[in-house]
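Enquirer: using only what follows, build the 3D model:
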Amino acid sequence: MRTVPVIAIDGPSASGKGTVGQLVAGTLGFHHLDSGSLYRLVALGAANRGIDIRDEAAVAAVAARLPARFEGDEIFLEDRRVTDAIRTEECSAAASVVAALPGVRQALLQRQREFRRRPGLVAEGRDMGSVVFPDADLKVFLTASLEARAERRHKQLKEKGIAATLPTLLQDLRERDARDASRSVAPLRQSPGARLLDTSAMSAAQAATRIVDWYRGANG
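Expert: Numbers count the residues shown, from 1 in each chain. Okay, the predicted model is just below:
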């Protein structure tokens with residue numbers, strides 16, 4: 001599988017990884033892994049079972065047998081469509097807590113690596129280049145200012161009809177950044193060899209074009 005190319009895109013919450021990752025994958029004809037969706041699914045699965053998301057052993061057990069499947073742009077947990085349910089702010093916050101549990105990260109590690117299939121994979125998350133795919137052909141650390149990220153999240157929520165205020169979103173992102181950067185396993189940080197891409201003043205399309213150019217430049 002090491003012959004299958006991987007582009008690893010890491011970065012903080014609301015930095016645009018998902019949209020950019022999809023655009024890069026579409027341009028290159030690669031598969032796409034949104035690793036954050038797996039942690040959101042675990043958080044939702046634990047909540048459905050009434051499990052405390054800080055109970056590492058119980059949540060890791062949910063992760064180990066996660067009955068989830070991906071069908072195009074749709075995501076299912078068991079037989080229920082949860083594409084929208086895992087994108088709520090409540091689920092996002094719970095996923096951030098769940099992702100800090102070492103047992104959960106270990107339970108999902110091999111599952112994430114199984115997304116590596118021909119002709120290639122664009123994997124985005126917090127530790128794609130540092131832990132899951134350390135041999136990735138291209139590693140990118142995608143970031144943006146806290147203000148730009150809060151404004152993007154606010155726009156996304158507004159389009160979905162979800163009420164939110166910028167001050168609340170700013171505080172929420174600060175807390176998530178601190179939690180992601182300080183966790184004991186796979187903390188959020190720019191991995192060695194990763195190229196920094198600040199998208200504060202860039203569109204998703206511009207960021208995707210830059211990454212595709214980097215990849216093609218490095219691979220002939």
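Enquirer: any idea how many residues pack against residue 11?
Expert: 27 (other CB atoms under 10 Å). Any C-beta I mention is one placed from the backbone N, CA and C, and that applies to glycine too.
Enquirer: okay, it: pLDDT?
Expert: Listed pLDDT for residue 11 reads 94.
Enquirer: all strands for this protein, in order.
Expert: 6-10, 31-34, 68-71, 74-77, 80-81, 121-125, 138-143, 195-198 (DSSP state E).
Enquirer: okay, those strands in CSV with distance to residue 185 and mean neighbour count next?
Expert: Listed next are these as CSV, based on distance: least, CB to CB, whole Å; neighbours: other CB atoms under 10 Å:
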stretch, distance to residue 185, mean neighbour count
strand 6-10, 15, 28
strand 31-34, 19, 20
strand 68-71, 22, 14
strand 74-77, 24, 17
strand 80-81, 30, 11
strand 121-125, 13, 29
strand 138-143, 18, 24
strand 195-198, 23, 15
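Enquirer: lowest-confidence stretch among these?
Expert: Taking the mean pLDDT of the strands of the chain, strand 68-71 comes last: a mean of 90.
Enquirer: what's in contact with it?
Expert: The contact list for strand 68-71 (CB atoms under 8 Å, 6 or more residues apart in numbering) reads 37-38, 41, 45, 75-77.
Enquirer: now do 10 Å
Expert: 32-34, 37-38, 40-42, 44-45, 75-79, 81-83, 86, 111, 115 (CB atoms under 10 Å, 6 or more residues apart in numbering).
Enquirer: still on that earlier bit, what's the closest of the strands of the chain to residue 182?
Expert: For residue 182, the closest of these is strand 6-10, at 16.1 Å, according to CB to CB.
Enquirer: could you list every helix and strand in contact with the closest one?
Expert: helix 17-28, strand 31-34, strand 121-125, strand 138-143, helix 204-218 (3 or more CB pairs under 10 Å, 6 or more residues apart in numbering; DSSP states H and E).
Enquirer: can you give me the angle that strand makes with helix 204-218?
Expert: Angle of strand 6-10 versus helix 204-218, following axes from the mean of the first three to the mean of the last three CA atoms, to 10 degrees, is 140 degrees.
Enquirer: partner strands of strand 6-10, parallel or antiparallel?
Expert: Sheet pairing of strand 6-10 (DSSP bridges) gives strand 121-125 (parallel), strand 138-143 (parallel).
Enquirer: angle of that strand against helix 17-28?
Expert: 160 degrees.
Enquirer: and strand 6-10, C-alpha only, in PDB?
Expert: Extracted in PDB, the C-alpha atoms of strand 6-10 (Å, rounded to 0.1, in the frame of the first residue of the first chain):
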ATOM      1  CA  VAL A   6      -1.300  10.100  -0.100                       C
ATOM      2  CA  ILE A   7      -1.700  13.800   0.400                       C
ATOM      3  CA  ALA A   8      -2.100  14.500   4.100                       C
ATOM      4  CA  ILE A   9      -3.800  17.800   5.100                       C
ATOM      5  CA  ASP A  10      -3.800  18.700   8.800                       C
END
